[in-house]
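Participant: I'll drop the sequence and a predicted model, then ask my questions.
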Amino acid sequence: MKECSGYPLRMPASLRAVAFDAYGTLFDVHSVAALAEQRFPGHGSRLSTLWRSKQLEYSWLRTMSDRYAPFDAVTRDALRHSARALGLALAADDESRLMAQYASLSAFPENVAALRALRELGLPLAILSNGTSAMLEISARSAGMHELFDRILSADAVRRYKTHPDVYALATGAFDCEPGSIVFVSSNGWDVAAGAWFGFDAFRVDRSGAPPEELDAGPIATGHSLADVVEHVRARLARERNSAHARNGKRRRSSSATGAPK
């Protein structure tokens, strides 16, 4: 039997939970650009973009080289490098304010309503992120979303970053299920592709209009906001109910045929 991320491919697993990436998916990583522009007029957008790019690069490099450092340290190092690369004099106060802003990034406007709708469907929700637990707790609380999540899962627990399978396995371990039982939501193409490789029902929130990654990850559902995730989950639950009804009807017919007089 063909294996997928350590799990045999059987009948489609029933949906058990929804897990969300944090940065770029729940929280707008470029909402820091406004403060960056105040501190460095004319350079805010470029600093924000390079900072994010370097942050990801450092996380991948540290994981590949087994040189783990917590995500807040990685984020600070990426900020320092980015400022130097742009020829900006990053004073201690600039760094402190920008790091504080990163700890409380703006949430996307549809989040709370979409998360509440998912909870009304009876599904537990989780954040699955590179961020440290402290970073994620602060961000979720500042966005008014903390109480909507059942679990906050940090890569810090395994001392590796996405796309290492150990990070994604935090979700299957938390909900005691196989990957196919979890809808994994990310706006980062590389992240959602790796989630699909792991075996999740992966969903890409395309907030930027970027094309899907060419990574042989198979068909991945795509929408433009968390509201589309709600529809994806509703449709899957409906399919599962219809399938269960069909199986039950088949069993009843089989039972009746077996017990019929001959």
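Facilitator: Alright, I've got the coordinates.
Participant: so where's the protein shaky on pLDDT?
Facilitator: 1-12, 246-262 (pLDDT under 70).
Participant: quick one: end-to-end distance for stretch 200-218.
Facilitator: 12 Å (Cα to Cα, to the nearest Å).
Participant: hmm, I was thinking of stretch 180-193
Facilitator: 14 Å.
Participant: can you mark which positions in it are buried?
Facilitator: 180-189, 191-193 (16 or more other Cβ atoms under 10 Å). Yep, even glycine has a C-beta here, placed from its N, CA and C like the rest.
Participant: could you do stretch 111-120 as well?
Facilitator: 111, 114, 115, 117, 118, 119.
Participant: related to what we said a few turns ago, reformat the buried residues of stretch 180-193 as a markdown table; add distance to residue 168.
Facilitator: Below are those laid out as a markdown table (distance: Cβ to Cβ, whole Å):
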| residue | distance to residue 168 |
| --- | --- |
| 180 | 12 |
| 181 | 13 |
| 182 | 9 |
| 183 | 13 |
| 184 | 7 |
| 185 | 13 |
| 186 | 11 |
| 187 | 16 |
| 188 | 13 |
| 189 | 16 |
| 191 | 9 |
| 192 | 11 |
| 193 | 12 |
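Participant: out of the buried residues of stretch 111-120, who's nearest residue 169?
Facilitator: residue 118 (22.2 Å; Cβ to Cβ).
Participant: measure that closest one to residue 202 for me?
Facilitator: 16 Å (Cβ to Cβ, to the nearest Å).
Participant: same check on residue 146?
Facilitator: From residue 146 to residue 202 the distance is 25 Å (Cβ to Cβ).
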